[in-house]
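Participant: Turn this into a model:
(one chain, ligands or ions: 3)
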Amino acid sequence: MSPNEAFRLLVRGTVQGVGFRPFVYRLATQLGFSGYVRNVGDGVEIHLENGRANLTEFLEKLREQAPPLARIEAVDWQPAEPTGLKEFRIDRSDGEEPFVFISPDIATCQECLEEINNPEERRYRYPFTNCTNCGPRYTIVLSLPYDRCRTTMSEFDMCTECRREYEDPLDRRYHAQPIACPRCGPQLKLIDLRTRQELQDPLETAVRLIKKGKILAVKGLGGFHLICDATNRKAVNRLRKIKSRQRKPLALMARDLEIIKRYARVQADEEKWLTSPFRPIVLLEKKKDLPGIAPCVETLGFMLPYTPLHYLLLEKIPLVVATSSNRKDAPIIKDDEFINSEICDYLLTHNRRIAMRADDSVMKVIKGKPLFLRRARGFVPFPQPVPESLRVSGEILAVGGELKNTISIYKNGYVITSQFLGDLDDYENFRYFEETLEHLKKLFSFSPELVVSDLHPDFWSTRFARNLKIPHYQVQHHFAHSLAPLLEHRVPPGEKFLGVSWDGYGYGQDGAAWGGEFLLADHGGYERFAHLDYVPLPGGDLASREPWRMAISYLYLAFGNDLPAVKSLRKIPERKRQAVISMIENKINSPLTSSAGRLFDAVSFLCGLTPPAIEYEAEAPSRLEAAAWKLSLRPEGFYPFEIKKDRIPYRLDLSPTIREICRELSKKSPPEIIARKFHLTLARLILKTARLAREERKVNLVVLTGGVFLNRHLLLETQRLLERDGFRVIRPVYYSPGDESLSLGQMAFALYRMKNNRADA
Ligand code: ZN
Ligand code: ZN
Ligand code: FE
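Facilitator: Numbering: from 1, shown residues only. Ligands and ions are numbered 1, 2, ... in the order given. Next comes the predicted model:
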């Protein structure tokens, strides 16, 4: 660069609180630049002059070598006046910072790992080792700007050594806010919950206890895990009893990939996610069964250690169950006082408080990209940039739905979606919802002038929104589902699309229980183009917990009251069966539903794959999916169905499918084959409906969303058929297709409305 040249760069994205400035400092110094770097409102500003290298080289290295936590969204640059600076320096931030990003929690980095394994290092075997590239973030921040005094680390005074590292721009721990060492940082504590006594050598003793088959609550980043030896059948059974879960799969934490590969098949792209700094639980195909861990499904959920404490614990027990410590369906526990001897035997805890709890994230990996069953630790609070055409100047709150809820906030061109918060019909979860909103408000100095919620009048989130007494929009459930991936993929408003939104339940415009929806939509609104034909939901909510009720409902649709003899129904007493039939006939407590989830329930039960009552959400569909997946030889073929086209919305009638399935069952066809053909049938049904939408309404963009599309089989097959037919298909990638993404979809609608109201005015 010539001496009278200078450049001013603006880097936007997740570039604050992730070691970005020290990185720029090192890079600029290496290349001989003088100038400065500083945080500004919407990113990091860099001033460069006098360098040995040119700007292109700097920009290349900036992108290539950026710290692992940084996400560069954009770099703008322009020529500037040289200032005559002789060196490169890190400048203080310029006071007001309207929107500062905060990094998610990040798994221990390689360098820190080497330190804790090196007896020469002062952090040898120290469980709270971290640096600018790793460690807790979102879960310890109390407010912004991100500085130690506004984290739960403020209670610890840095020792001189730590302070020196913290202040040295060339040190890996320069401005690492959670910096700690054995002298000055948090300490472990092990408590016997029966006697309330504290035990010596917490780490070593804890390892010994786990080996002996005990159950420990272990404090991690976003809350407590219950941990036991995964190969100890007795311990696992006891854990299941405590959690009153007989069948719901338990998550595993393994010391390394080698251990995982003993039990599961790991594809290269799955390995990438397992070892990523975000450390999600990845569902992998079973290779060897681990008794009691994941009965009746074909996958095991594995994660790798993500804190030094986990690494140290797993040194001698290579495989543990690591499930959240809360009671069924309640939020994850973050404080010691909620752990007692009814839950586990020992408590392994420490004195660094958790400011914000967060569960482990759970994903499948489909063609290299995540498919989230739960999005929380490691991914929250990554900002979602909003396309230019939807940016507004106001601040908006979206409160989501009721089940698997999340909150989204909008400010200055970005949406932040909270971690998974659980089902709001549970009071504790509702408290967690309020707590998280307060936290986000503080973190992002956020104060909404508009709120958006679901259409359902009685959801807790809707009531909450109403009580805010600010302008309030309501968005239909499946419309919100369809809009979320559009915002994620930054599709600008204007394009018409077909939202294939399939799930268990969402409140419909007509008051019915929707769930197998095809919406012709754009950002401003939708038309219900087609849906799975209505069937009665005998017993209301009970029908979603007892799949046999849906089986009868579908049989009734297909055969009338002369039901065929299906083997799986023999488990249900005649009297109960008759009661359900008469409920359907007399329309008693049998609201109508177009739910795709309930259709899966019915078929799963008819095939004999599901017990009459389920233990966890989506158990019946998961088992049907597992059966379809089991076959190594992949039979083709599908069942007939009918599209009733006399009026809009078209109704997709599956009674021919059900009749054919019953015929095959009577011929004793294996359930795996029926399950497979059923999946192929639905993919075809979606293709046919999409073709109708294209012919009649000229749409070419299809969105696949809703919890049903967590089904790998259905997702892959549907996407394949649609793409082969020339459709452009998008699906949620960094957000779950389930109800967790409702708040994001609601936000897309609110942004569109706000933008257009203003334009009109
Ligand atoms: Zn580190
Ligand atoms: Zn220290
Ligand atoms: Fe839904």
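
Participant: got the residues of the protein near ligand 1?
Facilitator: C109, C112, C131, N133, C134 (C-beta under 5 Å from the ion). To be clear about C-beta, it is placed using only N, CA and C from the backbone, and glycine gets the same treatment.

Participant: And those, which two are furthest apart?
Facilitator: The span of these, defined through C-beta to C-beta, is set by C112 and N133 at 7.9 Å.

Participant: that older thread, out of the residues of the chain next to ligand 1, grab the one that's most surrounded.
Facilitator: Of all the residues of the chain next to ligand 1, the highest neighbour tally under other C-beta atoms under 10 Å goes to C134, namely 28 neighbours.

Participant: how about the nearest residue to that one once chain neighbours are set aside, what does it touch?
Facilitator: Excluding the flanking residues, the one nearest C134 by C-beta to C-beta, 6 or more residues apart in numbering is C109, at 4.0 Å. When contacts are counted by C-beta atoms under 8 Å, 6 or more residues apart in numbering, C109 touches P68, C131, N133, C134, P277.

Participant: Point out the ones among these that are inside helices.
Facilitator: If you go by DSSP state H, those have nothing in helices.

Participant: still on that earlier bit, mind checking how far the residue nearest to C134 is from G222?
Facilitator: 19 Å (C-beta to C-beta, to the nearest Å).

Participant: Distance check, the residue in the stretch 151-300 of the chain positioned nearest to ligand 1 against S590.
Facilitator: Closest contact between the stretch 151-300 of the chain and ligand 1, by C-beta to the ion, is at R172 (7.0 Å). Counting by C-beta to C-beta, the gap from R172 to S590 is 64 Å.

Participant: in a strand, that's where Y639 is, yeah?
Facilitator: No. Per DSSP: H, G, I helix; E, B strand; the rest coil, Y639 lies outside any strand segment and is coil.

Participant: so it touches A675, yeah?
Facilitator: No. With contact defined as C-beta atoms under 8 Å, Y639 does not reach A675; the gap is 11.7 Å.

Participant: neighbour count winner among those two?
Facilitator: For Y639 versus A675, neighbours defined as other C-beta under 10 Å are more numerous around A675 (26 against 21).

Participant: Could you count how many residues lie near the residue in the stretch 1-150 of the chain positioned nearest to ligand 3?
Facilitator: Nearest residue of the stretch 1-150 of the chain to ligand 3: P104, at 24.8 Å (C-beta to the ion). Neighbourhood size, P104 [other C-beta under 10 Å]: 24.

Participant: Could you look up the SS state of it?
Facilitator: At P104 the chain is in coil, as set by three-state DSSP.

Participant: how about the residues of the chain near ligand 2?
Facilitator: So far as C-beta under 5 Å from the ion goes, the chain lies against ligand 2 at C159, C162, C181, R183, C184.

Participant: Apply 6 Å and report the result again.
Facilitator: Applying C-beta under 6 Å from the ion, we find that the chain lies next to ligand 2 at M158, C159, E161, C162, C181, R183, C184, G185.

Participant: Can you flag the buried ones in the residues you listed?
Facilitator: Neighbour counting with 16 or more other C-beta atoms under 10 Å marks M158, C159, C162, C181, G185 as buried within the residues of the chain next to ligand 2.

Participant: my guess is M303 contacts I281, does it?
Facilitator: Yes. Taking contacts as C-beta under 8 Å, M303 lies within contact range of I281: 4.5 Å.

Participant: shared neighbours, those two?
Facilitator: In contact with both M303 and I281: A251, D360, using C-beta under 8 Å, 6+ apart.

Participant: Can you name the residues that contact P547?
Facilitator: D601, A602, S604, F605, T610, P612, A613, I614, A620.

Participant: who wins for neighbours among the residues you listed?
Facilitator: The member of the contacts of P547 surrounded by the most neighbours (other C-beta under 10 Å) is D601, with 31 neighbours in all.

Participant: Just the element for that one, please.
Facilitator: Assigned by DSSP states H and E, D601 belongs to helix 596-606.

Participant: and that helix, C-alpha only, in PDB?
Facilitator: What follows is helix 596-606, C-alpha atoms only, in PDB (Å, rounded to 0.1, in the frame of the first residue of the first chain):
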ATOM      1  CA  ALA A 596     -50.800 -34.700   9.600                       C
ATOM      2  CA  GLY A 597     -49.300 -35.700  12.900                       C
ATOM      3  CA  ARG A 598     -52.500 -37.500  13.800                       C
ATOM      4  CA  LEU A 599     -52.500 -39.300  10.500                       C
ATOM      5  CA  PHE A 600     -49.100 -40.700  11.300                       C
ATOM      6  CA  ASP A 601     -50.400 -41.700  14.700                       C
ATOM      7  CA  ALA A 602     -53.200 -43.700  13.100                       C
ATOM      8  CA  VAL A 603     -51.000 -45.500  10.600                       C
ATOM      9  CA  SER A 604     -48.300 -46.200  13.100                       C
ATOM     10  CA  PHE A 605     -50.900 -47.800  15.400                       C
ATOM     11  CA  LEU A 606     -52.600 -49.800  12.600                       C
END
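
Participant: Quickly check: it near ligand 3 or not.
Facilitator: No. With C-beta under 6 Å from the ion as the criterion, ligand 3 is not reached by helix 596-606; the gap is at least 8.8 Å.

Participant: Can you lay out the buried ones among the residues of the chain next to ligand 2 as JSON lines showing pLDDT, distance to ligand 3 and secondary structure?
Facilitator: Converted to JSON lines, these look like this (pLDDT from 0 to 100; distance: C-beta to the ion, whole Å; DSSP: H, G, I helix; E, B strand; the rest coil):
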{"residue": "M158", "pLDDT": "97", "distance to ligand 3": "47", "secondary structure": "coil"}
{"residue": "C159", "pLDDT": "98", "distance to ligand 3": "51", "secondary structure": "coil"}
{"residue": "C162", "pLDDT": "98", "distance to ligand 3": "47", "secondary structure": "helix"}
{"residue": "C181", "pLDDT": "98", "distance to ligand 3": "47", "secondary structure": "coil"}
{"residue": "G185", "pLDDT": "97", "distance to ligand 3": "43", "secondary structure": "coil"}
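
Participant: Residue in the stretch 251-400 of the chain with the shortest distance to ligand 1?
Facilitator: Closest to ligand 1 within the stretch 251-400 of the chain is P308: 9.3 Å, counting by C-beta to the ion.
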